[in-house]
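*Asks:* this one's structure only:
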């Protein structure tokens, strides 16, 4: 159980749905959530224009993607 704020990796902007390009490599998106209590970001905190996220946590044992 992760003791972190997790992320869906998705954000709605108007009628558009944006998916974080780093979702598959981020522990906040891929960790197994606690079944009893788990905090989530209300929307994915990634910066669409730069493709970066200040809350990115690499998945342990996986090669890191380049932070833009």
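*Replies:* Received, thanks. Quantities reported herein were computed from a predicted structural model and do not represent experimental measurements. Numbering: from 1, shown residues only.
*Asks:* shaky segments in the protein?
*Replies:* Applying pLDDT under 70 to the chain flags the ranges 1-2, 62-68.
*Asks:* rerun that using 90 as the cut-off
*Replies:* 1-3, 12-14, 35-36, 43, 47-52, 60-68 (pLDDT under 90).
*Asks:* Do a quick rundown of the strands in it.
*Replies:* Assigned strands in the chain, in chain order: 10-13, 16-19 (criterion: DSSP state E).
*Asks:* Just tell me which of the ones you listed ends up closest to residue 50.
*Replies:* Closest of these to residue 50 is strand 16-19, at 13.0 Å (criterion: C-beta to C-beta). In short, each C-beta sits where N, CA and C put it, glycine included.
*Asks:* Can you list the helices and strands that that closest one packs against?
*Replies:* Here strand 16-19 touches strand 10-13, going by 3 or more C-beta pairs under 8 Å, 6 or more residues apart in numbering; DSSP states H and E.
*Asks:* which residues in the protein form helices?
*Replies:* Applying DSSP state H to the chain gives helices spanning 27-30.
*Asks:* burial count for residue 36?
*Replies:* 6 (other C-beta atoms under 10 Å).
*Asks:* Got the phi and psi for it?
*Replies:* With angles defined as degrees, to the nearest 10, residue 36 sits at phi -100, psi -40.
*Asks:* For it, give its distance to residue 58.
*Replies:* 26 Å (C-beta to C-beta, to the nearest Å).
*Asks:* ends of stretch 32-45, how far apart?
*Replies:* Taking C-alpha to C-alpha, to the nearest Å as the measure, stretch 32-45 stretches 19 Å from start to finish.
*Asks:* Let me see the residues that make contact with it.
*Replies:* The set of residues external to stretch 32-45 that reach it, using C-beta atoms under 8 Å, 6 or more residues apart in numbering, is 1-2, 4-12, 18, 20, 28, 53-55.
*Asks:* Would you quantify the distance from residue 50 to residue 56?
*Replies:* In terms of C-beta to C-beta, residue 50 sits 12 Å off from residue 56.
*Asks:* I am finished for the moment; much appreciated.
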